[in-house]
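>>> Quick one, structure for this:
(one chain, ligands or ions: 1)
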Amino acid sequence: FQTGLPQPHLANPKIIPSTPPTPLKFPIIGTLPDFLLRGGVDSLSQIYTDMYNEYGSVFSLSLMGSDQFVLADPRVFDQVVRSESRYPIGGGEDVATFTQFYDANNLTVAKKGSSRGEDWKEWRSAMDPDMYKAWESYMPTIAEVARKISSVAGREVSEAKNIEFVDFLSRAAFDMFTAVMVGQSLQTTDNSVASPEDIEFVKATQAAFDVTGRLLSNPLDKLFGGDLYSEFNVNMEKTYRFANKMNKEAADQALQLQQETVTTNDESEGKCPIKGMQNAIKTKFSNPSFVERLVHRGQLSNDEIAEIAAPLLMAGVDTTAYVMSWLYLNLASNPDAQAKLAAELKSVLNGADLTTKEQMDSLPYLKACIRESHRLTPATVVVVKRLEKDIDIVVPNVDGISRSYHIEAGNRICLNLRGIPMDPKYVTNPTLFQPERFLPSAIQERKGTPSEIMDHPAFSDPFGRGKRRCLGSNVATAEIMILAARLFQDWEITLSKDSVKEWKASQKLMLKADPYPSMDVVRRM
Ligand code: HEM
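All right, here's what the predicted structure looks like:
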């Protein structure tokens, strides 16, 4: 790799059409034997590092009919992102458990989110304003929930030992996201108030999510996973029913309130409905929830708003929990980094909640911890794009020669998050958790050097690239930062003395430390 890569095009005679190196490939099972020999899904992280070390910047693998073309360089990967049409294919389309459930239950609006073409575009345009763009407005709500979560963390995890810290994080993700969605938190982190029905809801959602992960990532479960499909359906049904009811009640309430307010204002505003509506929104909904915003926007019916609850919860809760689980594991394993973070939080927030973007921007060490956690322990090993049309990918100047690779529509192109980010040529001491490498001064220092590649946006977060980038990326980032800002101001989070000392990154729907060590949550002095 070189910095400032030239960007040759295919007419350049120095570009050699090539095929990517790949392990021995068999009919139907593809490169599965090599994959299993390298350790299979339980060694996924290591496999992508090992293959990068063995094959270099480009290689391919093929698991049970699913071909992957794996790139190390984000600038090369961006050729795929730049070639996206108006309607790129999203990852959701491959999640068969969900799409089959939507089909079987005739859930047309939910299905649109993981489809493509105009259906997806219409769905995404209905969601974007109130989720992707309005993220900042949810910060105070999230901060209020984070405060409640933090107030019971020590009791629930360490004193009463009601719950392991990693499960506490999952429930925290639930509490925060339901508050964004319907305006009030389910408070599943607090055993003294959580209803058994709510806890059941969390468990069913996690179970559906985990089964989906096994079916998606384990090529053997894909073949022999009949029972897993029925396990998925049982849990998904529970989740769907609960989430649907939660959203429908919130939407109906919002609509009723809106109608009442409009009527009241009609009387005082001489029956001007627009003025009445504006007043309704100003007075009754000074900080509306996502569902209330959708109701006010009037693009979707209340039944449609209810239908999207389960898919969004599925997409938004456990994903956030997985990412947080690595962040807290890294900070518990590196007490010095945690102490520096606590010092930054104290000096910037001085006990206050994190409620504004300006505060967020004044917490460079917290941002660096999140960024470094994503480098060292990403929740997924690759960023994936499925091709809508054939493409010729040009990989410039490997061995002094540029190569082009013709990849056909329908195949997957991946950016390897375990290649360059773990390569000592680009990152010093890559196996260590060192947030300092992502402080603004360090980023500035590596400008113009080969290591600058680490600061490419495709490496910077786990939310994907291009038009199908995660709908909830901004809200999830806010949730992660706000909760960390609260918990690390209030508590010291450490690995329990008798806890396991080693774990591996095991593949569920995303990677999770397995076994996840026990943690203690002790009041910070
Ligand atoms: C840290 C937490 C999260 C991670 C790591 C994550 C990851 C991702 C990734 C990688 C994609 C892109 C898939 C693709 O390229 O097709 C995606 C899409 C999506 N995410 Fe997230 N996500 C997170 C949180 C959330 C939240 C909170 C929501 C709730 C709104 C959400 C809703 C979605 C939806 C609806 C899509 C599909 C977007 C589309 O196809 O247009 N995610 N997510």
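
>>> For this protein, what lies in contact range of the ligand?
Applying Cβ under 6 Å from any ligand atom, we find that the chain lies next to the ligand at 90-92, 113, 124, 131, 177, 312, 315-316, 319-320, 323, 379, 462-464, 468, 470-472, 475-476. Using the backbone N, CA and C atoms, a C-beta is placed for each residue, glycine as well.

>>> Narrow the residues you listed to just the buried residues.
Among the residues of the chain next to the ligand, those classed as buried by neighbour count (16 or more other Cβ atoms under 10 Å) are 90-92, 113, 124, 131, 177, 312, 315-316, 319-320, 323, 379, 462-464, 468, 470-472, 475-476.

>>> In helices only, show me those.
Judged by DSSP state H, these include Gly113, Arg124, Phe177, Leu312, Ala315, Gly316, Thr319, Thr320, Val323, Val475, Ala476 as members of helices.

>>> Tell me who's in contact with the fourth one.
Counting by Cβ atoms under 8 Å, 6 or more residues apart in numbering, Leu312 touches Met181, Leu471, Gly472.

>>> which one of the residues you listed is nearest the ligand?
Gly472 (2.2 Å; Cβ to the nearest ligand atom).

>>> list the contacts for the closest one?
Met131, Tyr132, Leu312, Ala315, Gly316.

>>> What ranges in this structure fall below the confidence cut-off?
The chain contains residues with pLDDT under 70 at 1-13, 218-226, 262-286, 398-399.

>>> Spatially central, which residue of it would that be?
Nearest to the geometric centre of the chain sits Thr319, at 4.7 Å (Cα atoms, centre = their mean).

>>> and it, what does it touch?
Ala379, Ala476, Leu509, Met510.

>>> Check those residues and tell me the two furthest apart.
Greatest spacing in the contacts of Thr319, by Cβ to Cβ: Ala476 and Leu509 (14.9 Å).

>>> still on that earlier bit, ok, the contacts of Thr319 vs the ligand, which is closest?
Ala476 (3.8 Å).

>>> For the closest one, which non-adjacent residue is closest in space?
Thr320 (4.9 Å; Cβ to Cβ, 6 or more residues apart in numbering).

>>> Any buried residues in whichever strand or helix holds Ala153, and which?
For Ala153, the host element (DSSP states H and E) is helix 139-153. Under the neighbour-count criterion of 16+ other Cβ under 10 Å, helix 139-153 has Met139, Thr141, Ile142, Ala143, Glu144, Val145, Ala146, Lys148, Ile149, Ser150, Val152, Ala153 buried.

>>> ok, Pro378 - how many residues close by?
22 (other Cβ atoms under 10 Å).

>>> so Ile393 makes contact with Val76?
Yes. Applying Cβ atoms under 8 Å, one finds Ile393 in contact with Val76, separated by 6.5 Å.

>>> hang on, Ala368 packs against Pro435?
Yes. Ala368 is within contact range of Pro435, at 4.0 Å (criterion: Cβ under 8 Å).

>>> on that earlier part again, between the contacts of Gly472, which sits nearest Arg214?
So of the contacts of Gly472, ranked by how close each gets to Arg214 (Cβ to Cβ), first place is Ala315, at 17.7 Å.

>>> From what I see, that closest one and Leu471 are in contact.
Yes. If you go by Cβ under 8 Å, Ala315 and Leu471 touch, sitting 7.4 Å apart.

>>> and Arg446, how many neighbours?
17.

>>> Strands of this protein, start to end?
All strands of the chain, identified by DSSP state E, fall at 15-18, 58-63, 66-71, 382-386, 391-398, 401-407, 412-416, 491-495, 504-507, 511-514, 519-523.

>>> how about those in a markdown table, adding mean neighbour count and distance to Pro364?
Compiled in a markdown table, the strands of the chain are given as follows (neighbours: other Cβ atoms under 10 Å; distance: least, Cβ to Cβ, whole Å):
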| stretch | mean neighbour count | distance to Pro364 |
| --- | --- | --- |
| strand 15-18 | 13 | 41 |
| strand 58-63 | 22 | 35 |
| strand 66-71 | 21 | 30 |
| strand 382-386 | 21 | 25 |
| strand 391-398 | 19 | 33 |
| strand 401-407 | 17 | 38 |
| strand 412-416 | 23 | 25 |
| strand 491-495 | 20 | 21 |
| strand 504-507 | 18 | 27 |
| strand 511-514 | 20 | 26 |
| strand 519-523 | 17 | 25 |
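
>>> Leaving out chain neighbours, which residue sits closest to whatever residue of the stretch 201-350 of the chain ends up closest to the ligand?
Relative to the ligand, the nearest point of the stretch 201-350 of the chain is Gly316 (2.8 Å; Cβ to the nearest ligand atom). Of all residues not flanking Gly316 in the chain, Gly472 sits nearest, at 4.7 Å (Cβ to Cβ, 6+ apart).

>>> Got phi/psi on that neighbour?
With angles defined as degrees, to the nearest 10, Gly472 sits at phi -100, psi 10.

>>> Now do the contacts for Lys425.
Pro450.

>>> mind checking how far it is from Leu417?
16 Å (Cβ to Cβ, to the nearest Å).

>>> ok, now Ser66?
Taking Cβ to Cβ, one finds Ser66 at 18 Å from Leu417.

>>> what do you get for His406?
For His406, the distance to Leu417 - Cβ to Cβ - is 25 Å.

>>> re the thing from before, looking at the contacts of Gly472, which is nearest Pro440?
For the contacts of Gly472, the nearest to Pro440 is Tyr132 (25.7 Å; Cβ to Cβ).

>>> so that closest one sits right up against Asn474, yeah?
Yes. If you go by Cβ under 8 Å, Tyr132 and Asn474 touch, sitting 6.1 Å apart.

>>> Need the contact partners of stretch 351-366.
Stretch 351-366 is contacted by residues 136, 139-140, 143-144, 146-147, 340-341, 344-345, 348-349, 367, 435, 439-440, 478, 481-482, 484-486, 489 when judged by Cβ under 8 Å, 6+ apart.

>>> typo on my end, it should be stretch 232-248
Under Cβ under 8 Å, 6+ apart, the answer for stretch 232-248 is 97-98, 101, 105, 178, 181-182, 197, 200-201, 204-205, 207-208, 211-212, 215, 291, 302-303, 305-310, 313-314.

>>> From the chain's centroid, how far away is it?
How far stretch 232-248 lies from its chain's middle: 21 Å, per Cα atoms, centre = their mean, to the nearest Å.

>>> So which bits of that stretch are buried?
232-233, 235-236, 238-240, 242-244, 246-248.

>>> Turn the residues you listed into TSV, including distance to Ala72.
What follows is the buried residues of stretch 232-248, written out as TSV (distance: Cβ to Cβ, whole Å):
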residue	distance to Ala72
Phe232	34
Asn233	39
Asn235	37
Met236	36
Lys238	42
Thr239	37
Tyr240	40
Phe242	43
Ala243	39
Asn244	43
Met246	43
Asn247	42
Lys248	47
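
>>> Identify those among these that sit within helices.
Judged by DSSP H, those include 232-233, 235-236, 238-240, 242-244, 246-248 as members of helices.

>>> from those, which is closest to Ile47?
Phe232 (25.8 Å).

>>> can you tell me how far the closest one sits from Thr212?
In terms of Cβ to Cβ, Phe232 sits 6 Å off from Thr212.

>>> Identify the contacts common to those two.
With Cβ under 8 Å, 6+ apart as the test, Phe232 and Thr212 both reach Thr97.
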